[in-house]
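*Asks:* got a structure for you, letters missing:
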């Protein structure tokens, strides 16, 4: 197949995408669809409400809170307070993995508890049922923690999950019970739920255990949810380098680790969108700096390890990191050399997540593939344009409804891990602390960026760009494949993975190779193969 | 018995008030599925966008086909002040983008809890858009997820569709088939049977193409296939409606509505699984069109009887734990009795209140047969029972996998959802053909188990 690198004028595509919308909707959508220029970084309207009837790929606050952030911690019993659907749909569907040390260790992830609200609970209130459900879960497992997640009707009927949690926590004595007001109508997407989850975990879990874990280089890995075993690969690399993982937020994590997280000396953030609040709050309260890393992509993994070593400023660690990179890279390079002739020059589109659409571009770069269009589902402007735009982001009604915790330095536990001078020195060396540059600076000029892409828009983009691969989730998968374009699931990895670190990179290259070069696509005639080629084409060549 | 109850106390591992690992899905999911089986229809959920997203992803993971479900995207204001504005705007946008013939609107627990008057809002909207050409038909099914389960939403949507579209016309010789929540493969098979009988027919819903179709040679905003609105309109003129589902009451069903409103006779049957229930279905068709079944089906029946005879020794006396929607469980249980497999537990998350009685009608003395029937249960209940009963087989959807893995009892996947295997949408369950497929799978599962457990590893049957 020949490389598909002639693309129409992105400005024209942008206009065409919104043509079918009513004028008001078109006006709104245009602000979320921009033609990139990495030098000047355009503004991308993001984290705004989806227009009713425009089919979005976004989920809800409950999904972000229960499904994403709290879901992967294995020894919290999660109780969904509401009718049965929400609990059922978030029951092990994200493929988070976990690895208890022994079979006897608690793992409640296969369980899906729901108060299964019935009409009488909606009419007369569900708190009583909720408390009984908490008691039952406690009697059954004696877990260290029980978390309650509110679904849509809960807020409306006035159930106070927090009061119920407090009461039960007191009653049970040795079980930490806390609730989340993550009703699905709060905020504009799952992003609201991430924030709510961050607040809850910070308030109710972090800081409960001051024991200092052994290890010279102790860090927390934030925003890594161990889908398909991603966290296992990162743990392997950390171990090899002699880096101690105090807690992960929250892939393969435990209650004990989260409660002890404030004793680490650095927070590294993978998914900026879902967890940056935690980094900020831990810095303010405990004095732990955070920095953005990316373990998706072999080069990015190496870079992230070097940055961690640079932060700790230890020559021994720097040396060890180089040794590890030296050991791991040849295997990666060998696979790239084998595969790249088949993938070079091909194009990809990524519409996923609040970080993944950015991170995975690194893997495609390594395969010589160009990302022609990308966008997030639930990100904010800073995830596109970089954190420097934060002061200029207007807080709208939807964001205002999500609590911002007021965090102050802890009188006993606040301990700046690095002095102001040390931090300045690191920054002068080029180490970005408390920063994230966003997606656009990395993407090429004239690539198209679409926030909260609708089903309709993604279909149009496929028609126009005819990419060699489209990355999104299961909701998009089958419509894209019907058009003869392979779709890589970047939420659940099509049951594959891990894709992080060095071994993950190799897995990803092989999966992409299998997909873009697959003989099955020869059997499917894509719609455009019937059309006149050439229409409006070749206005510029993607560089 | 004393030992047994002591053992039971030791093994009980489930909550009583909370639901632990549900054996049911929510009401609006069923409605969305049914709406997907109407030609040029876009399902629309009135509530939070999360419901549409969750339900889409869940249906898609089974059918492995695109499923668009629109939503009125409630936010905090909408939740407080009502969903009228969002609903109307949503309908307008769906109409403009998709140009559908029908929009199937189902409510969620959110819009139901705040008490949105959807019928009233739709009346207003229709008035406002009356002048527009190509305004879609709006169907509304009330599907609060704090009542019933997915199967109730499915039937509510079917009934609402008829209420919106069926019109009295000149009587014709056609037959309506309301097949219940069956697989696309089953739907195709039903259509084939009706066609072979040369019976003009309408199957509602019919997602055999929309949820199991080919690649698209041209773009489709809405996948091709589904029951045509014109055919639904004519359903009021049919000579009769066949409706599958033992626990489906006329007062809640599509065929029931056609009968009460237009006098179209309702022929109510269990899902035709097994020889006896398939016979009943074919005999009904023979009666309705006053001719014998085509030879092809007589052959299918003969082959099935032959297979029963050849396979009986492998499976006779085996026991099974069976779970799923009540109607599926009832018909599957009747079939299992027919082949000498004893369903020691027939369980469902649904709770129509009719399951035990209806099952009794098909298999007789349940207790005498050693069959326990439990409705309104979750997987923790089913797992507890399974631990005690130690059946040879577990039969049901993918959600029984954890239990199967733990107990090392093989799981035979049927029904919905099947999201840990490929091809769930292409499994047959109905008629002689569906029964044949089920029978072969059951026999082979037993044989495979024996082969794997054999020390010799014999290679010849």
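*Replies:* Right, received. Where do you want to start? Since the model is a prediction, treat every value here as computed from it, not as a measurement.
*Asks:* for residue B:401, what are its contacts?
*Replies:* Counting by CB atoms under 8 Å, 6 or more residues apart in numbering or on different chains, residue B:401 touches B:411, B:420. For every residue, glycine as well, the C-beta is placed using N, CA and C.
*Asks:* chain center to stretch B:186-200: distance?
*Replies:* Taking CA atoms, centre = their mean, to the nearest Å, the mean C-alpha location of stretch B:186-200 is offset from the chain mean by 18 Å.
*Asks:* what mean pLDDT does that stretch have?
*Replies:* For stretch B:186-200, the mean pLDDT works out to 98.
*Asks:* Same check on stretch A:390-399?
*Replies:* Per-residue pLDDT over stretch A:390-399 has a mean of 89.
*Asks:* Check what contacts the host helix or strand of residue A:247 and list those residues.
*Replies:* Secondary structure assigned from DSSP states H and E places residue A:247 in strand A:244-250. For strand A:244-250, the external contacting residues (CB under 8 Å, 6+ apart) are A:69-73, A:201, A:213-226, A:231, A:235, A:238, A:253, A:257-258, A:260-261, A:263-264, A:275, A:278.
*Asks:* Where do the strands of the stretch 301-450 of chain B begin and end?
*Replies:* Applying DSSP state E, counting those that start in this stretch to the stretch 301-450 of chain B gives strands spanning B:319-323, B:342-347, B:372-374, B:393-396, B:411-413.
*Asks:* quick one: is the fourth one near chain A?
*Replies:* No: under the criterion of CB under 8 Å from any CB of the partner chain, strand B:393-396 makes no contact with chain A; the nearest approach is 14.9 Å.
*Asks:* partners of that strand, with directions?
*Replies:* When sheet partners are counted by DSSP bridges, strand B:393-396 sits next to strand B:319-323 (parallel), strand B:411-413 (parallel).
*Asks:* okay if I get these as JSON lines plus mean neighbour count?
*Replies:* Shown next, in JSON lines, are the strands paired with strand B:393-396 (neighbours: other CB atoms under 10 Å in any protein chain shown):
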{"stretch": "strand B:319-323", "mean neighbour count": "26"}
{"stretch": "strand B:411-413", "mean neighbour count": "21"}
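*Asks:* Out of those strands, which gets nearest to residue A:520?
*Replies:* Distance to residue A:520, taken as CB to CB, is lowest for strand B:411-413 among the strands paired with strand B:393-396, at 24.7 Å.
*Asks:* circling back to that earlier point, please list only the buried members of the contacts of strand A:244-250.
*Replies:* Buried members of these, scored by 16 or more other CB atoms under 10 Å in any protein chain shown, are A:69-73, A:201, A:217-226, A:231, A:235, A:238, A:253, A:257-258, A:260-261, A:263-264, A:275, A:278.
*Asks:* Residue A:525 contacts residue B:214, correct?
*Replies:* No: if you go by CB atoms under 8 Å, residue A:525 and residue B:214 don't touch, sitting 10.9 Å apart.
*Asks:* Those two: which has the busier surroundings?
*Replies:* Taking other CB atoms under 10 Å in any protein chain shown, residue A:525 and residue B:214 do not tie; residue A:525 has more neighbours (14 against 10).
*Asks:* Is that one part of a helix or strand, or is it coil?
*Replies:* Three-state call for residue A:525 (DSSP: H, G, I helix; E, B strand; the rest coil): coil.
*Asks:* quick one: it and residue A:463, what's the gap?
*Replies:* Using CB to CB, to the nearest Å, one gets 14 Å for the distance from residue A:525 to residue A:463.
*Asks:* can you give me the strands for the stretch 151-300 of chain B?
*Replies:* So, for the stretch 151-300 of chain B - with DSSP E, counting those that start in this stretch - the strands run B:175-178, B:201-203, B:240-244, B:266-269.
*Asks:* okay, the ones you listed, which one's buried deepest?
*Replies:* strand B:175-178 (a mean of 26; mean count of other CB atoms under 10 Å in any protein chain shown).
*Asks:* what's next to that strand, contact-wise?
*Replies:* Under CB under 8 Å, 6+ apart, the answer for strand B:175-178 is B:158, B:190, B:194, B:199-204, B:235, B:238-245, B:253-255, B:258, B:264, B:288.
*Asks:* One more: stretch A:29-43?
*Replies:* A:10-11, A:14, A:17-18, A:21, A:44-46, A:48, A:51, A:54, A:381, A:385-386, A:389, A:438, A:440-452, A:454, A:457.
*Asks:* Please narrow those residues to those residing in helices.
*Replies:* A:10, A:11, A:14, A:17, A:18, A:381, A:385, A:457 (DSSP state H).
*Asks:* The fifth one: neighbouring residues, count only.
*Replies:* So the one you mean is residue A:18. Residue A:18, neighbours per other CB under 10 Å, totals 20.
*Asks:* swap in the third one?
*Replies:* Residue A:14: 17 surrounding residues under other CB under 10 Å.
*Asks:* is the nearest residue to it once chain neighbours are set aside in a bridge, and if so with what?
*Replies:* In space, and not counting its chain neighbours, residue A:14 is closest to residue A:33: 5.1 Å by CB to CB, 6 or more residues apart in numbering or on different chains. When bridges are called by DSSP bridges, residue A:33 pairs up with residue A:450.
*Asks:* Let me know the pLDDT of residue A:33.
*Replies:* Reading off the confidence values, residue A:33 has pLDDT 97.
*Asks:* What of residue B:7?
*Replies:* Looking at residue B:7, its pLDDT stands at 40.
*Asks:* Please apply the same query to the one 3 residues further on.
*Replies:* At residue B:10, the pLDDT value in this model is 40.
*Asks:* same question, residue A:242
*Replies:* Note on residue A:242: pLDDT of 98.
*Asks:* How about residue A:454?
*Replies:* At residue A:454, the pLDDT value in this model is 88.
*Asks:* so what's it closest to, chain neighbours aside?
*Replies:* Excluding the flanking residues, the one nearest residue A:454 by CB to CB, 6+ apart is residue A:54, at 4.7 Å.
*Asks:* And the next helix or strand past the helix or strand hosting residue A:280?
*Replies:* Assigned by DSSP H and E, residue A:280 belongs to helix A:272-286. Using DSSP H and E, the helix or strand that follows helix A:272-286 in sequence is strand A:290-292.
*Asks:* so what strands line up beside that next one?
*Replies:* Looking at strand A:290-292 with DSSP bridges, its partner strands are strand A:266-269 (parallel).
*Asks:* Kindly indicate whether residue A:177 is helix, strand or coil.
*Replies:* strand.
*Asks:* residues contacting it?
*Replies:* When contacts are counted by CB under 8 Å, 6+ apart, residue A:177 is found next to A:134, A:145, A:146, A:147, A:148, A:165, A:166, A:168, A:169.
*Asks:* Just the buried subset of those residues, please.
*Replies:* Using 16+ other CB under 10 Å as the burial test, the contacts of residue A:177 include A:134, A:145, A:146, A:147, A:148, A:165, A:168, A:169 as buried.
*Asks:* Turn these into JSON lines, columns for distance to chain B.
*Replies:* Below are the buried ones among the contacts of residue A:177 laid out as JSON lines (distance: CB to the nearest CB, whole Å):
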{"residue": "A:134", "distance to chain B": "9"}
{"residue": "A:145", "distance to chain B": "16"}
{"residue": "A:146", "distance to chain B": "11"}
{"residue": "A:147", "distance to chain B": "14"}
{"residue": "A:148", "distance to chain B": "11"}
{"residue": "A:165", "distance to chain B": "15"}
{"residue": "A:168", "distance to chain B": "13"}
{"residue": "A:169", "distance to chain B": "18"}
